[in-house]
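Undergrad: From the sequence below, what's the structure:
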Amino acid sequence: MATKQNGVLGSFTPTVTPYTNGTVEANAQAITTQEFPFYTCPGATVVSAKLVISNNTGGTAAVDVGIIEQTDAIQLDTPGNQPGTPVNYEGFSLPTGQYTSSIVADVANVTGTFSVGETVTWTNTSVTPNAQSGVVQYWDASNSKLWFRGLQYATSLEQATGDVTFTGGTSGAVASVGTSHAGTGTTRGNSGRVKYFDKLRGIIYFDNHEFRNNLDYTLAKFRDLNNEVRVLDNNNLLRAHTNKHRPVATTVARIAASNTTPATEFIDAAGVELLVSGVSMIKEHQYLVKGRDVADKTIFELGGLVLGSYQSIYIKSTAAVTATLIGFEETAETPS
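TA: Numbering: from 1, shown residues only. The predicted model follows:
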């Protein structure tokens with residue numbers, strides 16, 4: 001289990017603190033944002049803290065603060081626009097703690113049957129290292145669609161020229177995409193873990209494989225108590241300035257002979273392709289304060305904050321206020 005941290009647990013300045021992701025051009029890696037969940041309580045941990053927001057921007061700043069339990073809140077389109085036109089979301093299968101994905105390859109030249117959960121390997125000369133791998137989220141044999149999760153890079157499937165051949169590690173199945181195979185292509189989507197599926201409102205609370213704050217949310221490390229905490233020596237500079245995020249969007253880039261941007265669809269456990277209509281970081285019930293005005297040259301404090309495992313502090317502002325979370329982490333009991 002990781003060493004517990006004390007003092008400044010995290011800090012973030014909207015519109016200033018940088019983050020990056022695997023699709024950013026090499027000469028423009030630092031992206032800024034107005035909103036971010038900048039600190040997440042690690043597993044088997046409880047946090048007691050206060051949030052200090054300092055405004056030295058020269059004018060009054062409105063801030064939102066919340067405690068969230070996801071990186072993305074994915075709103076499905078109305079049930080009538082989903083496959084089979086159901087009357088509600090009850091029939092869709094997105095179990096808590098399991099995975100879902102919008103990363104899919106339309107393949108050809110298929111031999112064998114891919115197995116859900118197996119590791120697939122391929123060579124992509126457009127990325128480094130060339131040897132790439134991912135896990136099968138779902139195999140739709142009828143439509144020759146191979147869904148992936150846990151890719152090494154956002155662009156792992158994107159070969160600039162020629163063909164790519166996928167090989168199943170346990171099944172031995174083989175399939176290909178590329179210029180030699182008409183109609184094939186791949187999508188630059190997202191994969192991650194389902195925190196909770198709200199069947200009444202059609203919202204997937206989602207932990208994104210391509211998110212990083214003080215914790216590493218990659219599928220291989222997140223919820224692994226020995227590996228999820230990125231910084232063990234209380235170095236808040238390192239912790240706060242190496243963020244990553246590639247948020248889910250309502251469209252995906254489809255890489256093919258003719259590139260397109262179709263609407264985002266996530267695959268459920270039964271192979272239903274669920275159409276997405278909206279994405280946000282926070283939902284209305286998760287705010288602590290919303291639109292709180294902080295005067296210039298003043299401090300706003302939220303004390304008495306207690307975070308349980310995998311609960312995150314979220315902040316949003318159009319102004320460059322500075323949010324600092326000060327407190328301590330303690331070991332908490334976990335279900336056996």
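Undergrad: Scan the helices and strands of the protein for the one with the lowest mean pLDDT.
TA: Ranked by mean pLDDT, DSSP states H and E, the weakest helix or strand in the chain is helix 236-240, scoring a mean of 88.
Undergrad: right, and the helix or strand after that one?
TA: Using DSSP states H and E, the next helix or strand after helix 236-240 towards the C-terminus is strand 243-245.
Undergrad: quick one: that next one to chain centroid distance?
TA: Relative to the centre of its chain, strand 243-245 is centred 9 Å away, using Cα atoms, centre = their mean, to the nearest Å.
Undergrad: residues of the least confident helix or strand of the chain that come out buried?
TA: 236, 239, 240 (16 or more other Cβ atoms under 10 Å). (Each C-beta comes from the backbone N, C-alpha and C, glycine too.)
Undergrad: cool, stretch 23-38 as well?
TA: For stretch 23-38, the neighbour count (16+ other Cβ under 10 Å) marks 33, 35, 36, 37, 38 as buried.
Undergrad: State the mean pLDDT of that stretch.
TA: Averaged across stretch 23-38, the pLDDT comes to 86.
Undergrad: gap between the two ends of it?
TA: For stretch 23-38, the first-to-last residue distance is 21 Å (Cα to Cα, to the nearest Å).
Undergrad: Show me the contact partners of that stretch.
TA: The contact list for stretch 23-38, computed with Cβ atoms under 8 Å, 6 or more residues apart in numbering, reads 10-12, 14-21, 64, 68, 71, 154-155, 188, 213-214, 240, 243, 245-246, 281-282, 312-318, 323, 325.
Undergrad: Now do the spatially most central residue of the chain against residue 99, distance only.
TA: The centroid of the chain falls nearest to residue 208 when counting by Cα atoms, centre = their mean (1.7 Å). Computed as Cβ to Cβ, to the nearest Å, the residue 208 to residue 99 distance reads 11 Å.
Undergrad: Quickly list what's touching both of those two.
TA: The contact sets of residue 208 and residue 99 overlap at residue 192 (Cβ under 8 Å, 6+ apart).
Undergrad: And for residue 248, the neighbour number?
TA: Per other Cβ atoms under 10 Å, the neighbour tally for residue 248 reads 24.
Undergrad: got it, and residue 204?
TA: Neighbours of residue 204 under the rule other Cβ under 10 Å: 26.
Undergrad: Report the beta-bridge partners for residue 11.
TA: For residue 11, the beta-bridge partners are residue 324 (DSSP bridges).
Undergrad: residue contacts, it?
TA: Neighbours of residue 11 in contact, by Cβ under 8 Å, 6+ apart: 17, 38, 236, 240, 322, 323, 324, 325.
Undergrad: make it 7 Å
TA: For residue 11, the contact set (Cβ atoms under 7 Å, 6 or more residues apart in numbering) comprises 236, 240, 322, 323, 324.
Undergrad: Ok, residue 327 next?
TA: 9, 47, 48, 49, 50.
Undergrad: ranges for the strands of the stretch 151-300 of the chain?
TA: For the stretch 151-300 of the chain, strands defined by DSSP state E, counting those that start in this stretch occupy the ranges 163-168, 174-178, 185-188, 191-198, 203-208, 211-212, 243-245, 253-256, 265-267, 273-280, 287-294, 298-307.
Undergrad: Now those strands in JSON lines, please, with extra columns for distance to residue 120 and mean pLDDT.
TA: What follows is those, written out as JSON lines (distance: least, Cβ to Cβ, whole Å; pLDDT from 0 to 100):
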{"stretch": "strand 163-168", "distance to residue 120": "5", "mean pLDDT": "97"}
{"stretch": "strand 174-178", "distance to residue 120": "9", "mean pLDDT": "97"}
{"stretch": "strand 185-188", "distance to residue 120": "12", "mean pLDDT": "96"}
{"stretch": "strand 191-198", "distance to residue 120": "13", "mean pLDDT": "98"}
{"stretch": "strand 203-208", "distance to residue 120": "21", "mean pLDDT": "98"}
{"stretch": "strand 211-212", "distance to residue 120": "23", "mean pLDDT": "98"}
{"stretch": "strand 243-245", "distance to residue 120": "24", "mean pLDDT": "95"}
{"stretch": "strand 253-256", "distance to residue 120": "17", "mean pLDDT": "95"}
{"stretch": "strand 265-267", "distance to residue 120": "15", "mean pLDDT": "98"}
{"stretch": "strand 273-280", "distance to residue 120": "20", "mean pLDDT": "98"}
{"stretch": "strand 287-294", "distance to residue 120": "41", "mean pLDDT": "98"}
{"stretch": "strand 298-307", "distance to residue 120": "37", "mean pLDDT": "98"}
